[in-house]
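1. just need the structure, nothing else, for what follows:
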Amino acid sequence: MLTTRFVTGAPNWIDLGTPDIEGATSFYRALFGWDFRSAGPEGGGYGFFQLGGRTVAGGMQSGEGQGPPSWTVSFQTSDVDATAKAAEQAGGGVPAPPMDVMDAGRMAILTDTTGAVFGLWQPGRIKGLDIAGETGSLCWVELYTTDVPKVAAFYGAVLGLETSAVPFPGGSYTCVNPAGTGDDGMFGGVVDVDDDPTGIETTPYWLPYFEVADTDATVATAQEHGGQVRMPATDLEGVGRIARLTDPFGARFAVIKSAPAQM
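-> Coordinates of the predicted model:
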């Protein structure tokens, strides 16, 4: 699971693009207890979702033509420009070229070889999220793709990520970790959309998972506040109880009550 011991190649930031930041804030406050703090006049409408004063995500109101409402996962790099160039050379795209975010850091938005959008974050004053892997925060990410071997090679070349097959009921699951970190560094997985048992995933994208105290209660709260259920609460042996949702504006995410760690 994710922690704030960020290393190169691991997710270190996540943000929400939404057509209604006030409505989204109300939804996620009810769901996770988050508040929203504006980055100020110089932030262009950007701000920070916080839990107990600690930043769990970023977000801003998006305008017409800026893509559908969505969560974007960003990965740590020590050199955004070099990583973006490596992505292009590996067959990816750079829809938002590297740019400085004042003194906070340097960012870019990329697409992998199958079209999934992801971000890069080169830390400056802001190193990354203040909280991860705890209740109410990002704990796992999952890439749905049309070609697992192809994207595994892409992320290996661009971010130095390694993949490994982990036994799973009914088959195996492809886990992802930064180079050299092994099991301790696993932060996500890669799933072929054709293998998704629910049949709901059809296009490549990164899906964030947030840890919760009670999956069923969270699903009920999401529905009460305008969210939609894409996959109902489901037990996965040795993993936990998960559900896939959208917020009232269509941004996709998942929640999980993780199973106790095996000793």
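2. okay, CA-based contacts and neighbour counts for the rest of this
-> Noted.
3. residues near Met102, how many?
-> Residues within reach of Met102, counting by other CA atoms under 10 Å, total 11.
4. which residue ranges of the protein form helices?
-> Listed in chain order, the helices of the chain (DSSP state H) span 21-32, 80-89, 148-159, 215-224.
5. including mean pLDDT and distance to Val255, could the ones you listed go into a markdown table?
-> A markdown table is the format used below for the helices of the chain (pLDDT from 0 to 100; distance: least, CA to CA, whole Å):
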| stretch | mean pLDDT | distance to Val255 |
| --- | --- | --- |
| helix 21-32 | 97 | 10 |
| helix 80-89 | 98 | 30 |
| helix 148-159 | 97 | 23 |
| helix 215-224 | 98 | 7 |
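6. compare those and give me the one nearest Ile256.
-> helix 215-224 (6.1 Å; CA to CA).
7. walk me through the domains of this protein.
-> For the chain, whose domains are defined here by the TED database, the residue ranges read 10-123, 137-258.
8. what's the closest of the ones you listed to Ile131?
-> Each of the domains of the chain has some distance to Ile131 by CA to CA; the shortest is domain 10-123, at 5.6 Å.
9. and that closest one, how far apart are its ends?
-> Criterion CA to CA, to the nearest Å; first-to-last residue distance in domain 10-123 is 13 Å.
10. quick revisit: now render the domains of the chain as a markdown table, adding distance to Thr3.
-> What follows is these, written out as a markdown table (distance: least, CA to CA, whole Å):
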| stretch | distance to Thr3 |
| --- | --- |
| domain 10-123 | 9 |
| domain 137-258 | 7 |
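11. and of those, who's closest to Leu2?
-> Using CA to CA as the criterion, the shortest distance between Leu2 and the domains of the chain is 4.9 Å, found for domain 137-258.
12. now the end-to-end length of the closest one.
-> Criterion CA to CA; first-to-last residue distance in domain 137-258 is 12 Å.
13. where are the low-confidence patches of the stretch 51-200 of the chain?
-> Confidence mapping of the stretch 51-200 of the chain against pLDDT under 70 gives the ranges 65, 169.
14. can you name the residues that contact Gly17?
-> Taking CA atoms under 8 Å, 6 or more residues apart in numbering as the contact definition, Gly17 lies against Gly59, Met60, Gln61, Ser62, Pro68, Pro69, Ser70, Trp71, Thr72.
15. touching, the last one and Phe118? I think so.
-> Put plainly, it is Thr72. Yes: Thr72 lies in contact with Phe118 (CA atoms under 8 Å); the separation is 5.8 Å.
16. same drill for the two, tell me which one is more crowded.
-> Between Thr72 and Phe118, counted using other CA under 10 Å, the more crowded position is Thr72 (23 against 20).
17. and the gap between the more buried one and Ala165?
-> With the distance defined as CA to CA, Thr72 ends up 25 Å from Ala165.
18. now do the residue lying closest to Val94 once chain neighbours are set aside against Pro69, distance only.
-> Nearest residue to Val94, sequence neighbours excluded (CA to CA, 6 or more residues apart in numbering): Leu110, at 4.4 Å. When distances are taken as CA to CA, Leu110 and Pro69 turn out to be 17 Å apart.
19. next: Val151.
-> The separation that Val151 has from Pro69, given CA to CA, amounts to 24 Å.
20. how about stretch 255-263: buried residues?
-> Neighbour counts using 16 or more other CA atoms under 10 Å place Val255, Ile256, Lys257, Ser258 of stretch 255-263 among the buried residues.
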